[in-house]
Structures are given as C-alpha cells and as structure tokens.
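[1] generate coordinates for the sequence data below:
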Amino acid sequence: MRIVLDNNVFISGIFWKGAPHEIIQLAEENKIEIFTSLEILKELFGVLKREKFKPLFREGKTSVEEVFGRILGLVKICTPKIEIKVIKEDPPDNKFLACVITAQASFIISGDEHLLNLKKFKGTSIISPRSFLKIIKK
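    Now for the predicted structure:
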C-alpha cells in the first residue's frame, strides 16, 4: 500500500510512541510504502533542525543527520510534475497533494487540519494516523 506522510506524522513517529510510531514500524517491516518528494524532505529537515527538538536528539543519543538518514531509508522519492493550488489557507500543504498524485498513493496521513478538512483529494483519502491504523488492521 502506498501512502504519503505529512511531516508532523514523521516527527511524532520518530520521537514518541503512538499511532505515528506504529506507521513508521509498518514501513520498516515493508508492510507499507511511504512516498515523499524532495520539497517535503527539505521542509522536514528544516523542522528537525529547530531548537525545540535538540533536547530530544540529546535524550535519544542521536542527531538530526542520523534521524534524517533513517527516514531516507524508509521512503521512496517521487518528483511531482504538477503544481496544486487547492489549500489556500496554507499553500505549502499543497506539496503533499502533488506528491500523492505522482506516487498514486491511497492515503495521505496527517494531523494537519488543512489537509484533514479536505477528507479526499482526487480519490485519495486524507486521514489521521489513528484512522489509518484502524483501516490497515482490518
């Protein structure tokens, strides 16, 4: 199954337990495929470098580079050829919609209200991590 993860799911899955962490584990077990784009990865790397995450890296005895390398090992990178302008309130979120079209993914998994409020985009469901786990465990 092909999915696109919002960066908030990646970050939650790396640093804390819970549904996002279980989704990361599913990818590590090759039960799902996570697709992303260079634009999404660039944003993720920038977020991981924020000051507020430094204590979490120290606590986990790891670094931004190690965590980012782990993420790179889990994802397949696609190159969207289209520009999407659906989400007006937060235009950077449109990169996830462009990625899902290029990857032909079944789900966008997010905690972001701008994405979740769409519910569907061109046949792709946009759902929370917990909702995704309920579906996949059926």
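[2] spit out the contact partners of the nearest residue to residue 12 once chain neighbours are set aside.
    Spatial nearest neighbour of residue 12, excluding adjacent residues (Cβ to Cβ, 6 or more residues apart in numbering): residue 20 at 3.9 Å. Heads up, the C-betas are built off the backbone N, CA and C, glycines and all. By Cβ atoms under 8 Å, 6 or more residues apart in numbering, the contact list for residue 20 reads 9-13, 129.
[3] quick one: pLDDT of residue 20?
    Note for residue 20: predicted pLDDT of 97.
[4] where's it, which helix or strand?
    According to DSSP states H and E, residue 20 maps onto helix 19-28.
[5] for this structure, which segments are assigned as helices?
    With DSSP state H as the criterion, the chain has helices at 7-15, 19-28, 38-48, 54-59, 64-74, 94-103, 113-116, 129-136.
[6] quick check: buried residues in the shortest one?
    This points to helix 113-116. 114-116 (16 or more other Cβ atoms under 10 Å).
[7] distance check, the closest residue to residue 22 other than its chain neighbours against residue 82.
    Once flanking residues are discounted, residue 22 sits nearest to residue 133: 5.8 Å by Cβ to Cβ, 6+ apart. Computed as Cβ to Cβ, to the nearest Å, the residue 133 to residue 82 distance reads 30 Å.
[8] who's more crowded, these two?
    Neighbours per residue (other Cβ atoms under 10 Å) separate residue 133 from residue 82, with residue 133 holding more: 18 against 8.
[9] the more buried one reaches residue 21, doesn't it?
    No - if you go by Cβ atoms under 8 Å, residue 133 and residue 21 don't touch, sitting 10.5 Å apart.
[10] circling back to that earlier point, okay, the helices of the chain in a markdown table with distance to residue 88 next?
    Shown next, in a markdown table, are these (distance: least, Cβ to Cβ, whole Å):
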| stretch | distance to residue 88 |
| --- | --- |
| helix 7-15 | 20 |
| helix 19-28 | 27 |
| helix 38-48 | 18 |
| helix 54-59 | 33 |
| helix 64-74 | 29 |
| helix 94-103 | 9 |
| helix 113-116 | 9 |
| helix 129-136 | 25 |
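[11] between those helices, which gets nearest to residue 86?
    Of all the helices of the chain, it is helix 94-103 that lies closest to residue 86, at 5.9 Å by Cβ to Cβ.
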